[in-house]
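Trainee: Provide a 3D model corresponding to the input given below.
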Amino acid sequence: MVSWWFIVKLGLCVSEARKLFMDRREAIQLLRGGPSSIEEWNNWRLHHSDVPNLSHADFRGADLTNANLSDINLENTNFTKAKLIAVSFENSNLKGADFRQADLNHAKLVDANLLDARLKHASLFGADFRRAILKRANFERADCDTDTKWPNDFDPKRVGIRPWPND
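Mentor: Got it, this is the predicted structure:
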């Protein structure tokens, strides 16, 4: 966490300080703030590679559409019923994350670690899981379509995913 004494000593206001530093609480608050906040988060990410650890965060029911959540530790994070349309999770640690009933349409999960993740009843239309680690992930009754991309050795029907249109 950034020392407020350090920020005051530099003569920075809070908005200027956020341009340089962002702690976990600020990141979660910004991501939960709606479309304009997501845009602010994505712009901040363009200039900062050192992002807070967001493991165990609670994004239940949040609208994170278009958020850049790539290269972040999101282990055991709760995304139940969240709107995650076109979210980039590329290279992220999503081990044990809860995506039950989440909308992951067109999300990018390339090279993500979804070991033990829960995606029961999730919507996966057009999502990209290429090279993702999907071992022991629960996809029971999740929905996908022909645009959903899977790792080469993965059989979606074998793990309970319902393709659309139904074969």
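
Trainee: show me the helices in the chain, by range?
Mentor: Secondary structure of the chain (DSSP state H): helices at 4-10, 14-20, 24-31, 35-47.

Trainee: so where is the protein shaky, pLDDT-wise?
Mentor: 1-20, 166-167 (pLDDT under 70).

Trainee: quick one: the strands in it?
Mentor: Under the criterion DSSP state E, strands of the chain are mapped to 143-145, 162-164.

Trainee: among those, which is the most enclosed?
Mentor: strand 143-145 (a mean of 18; mean count of other C-beta atoms under 10 Å). All C-beta spots, glycine's among them, are computed from the backbone N, C-alpha and C.

Trainee: which secondary structure elements does it contact?
Mentor: With contacts defined as 3 or more C-beta pairs under 8 Å, 6 or more residues apart in numbering; DSSP states H and E, the packing partners of strand 143-145 are strand 162-164.

Trainee: what comes into contact with the strand it packs on?
Mentor: If you take C-beta atoms under 8 Å, 6 or more residues apart in numbering as the criterion, strand 162-164 is touched by 125, 141-146, 156-157.
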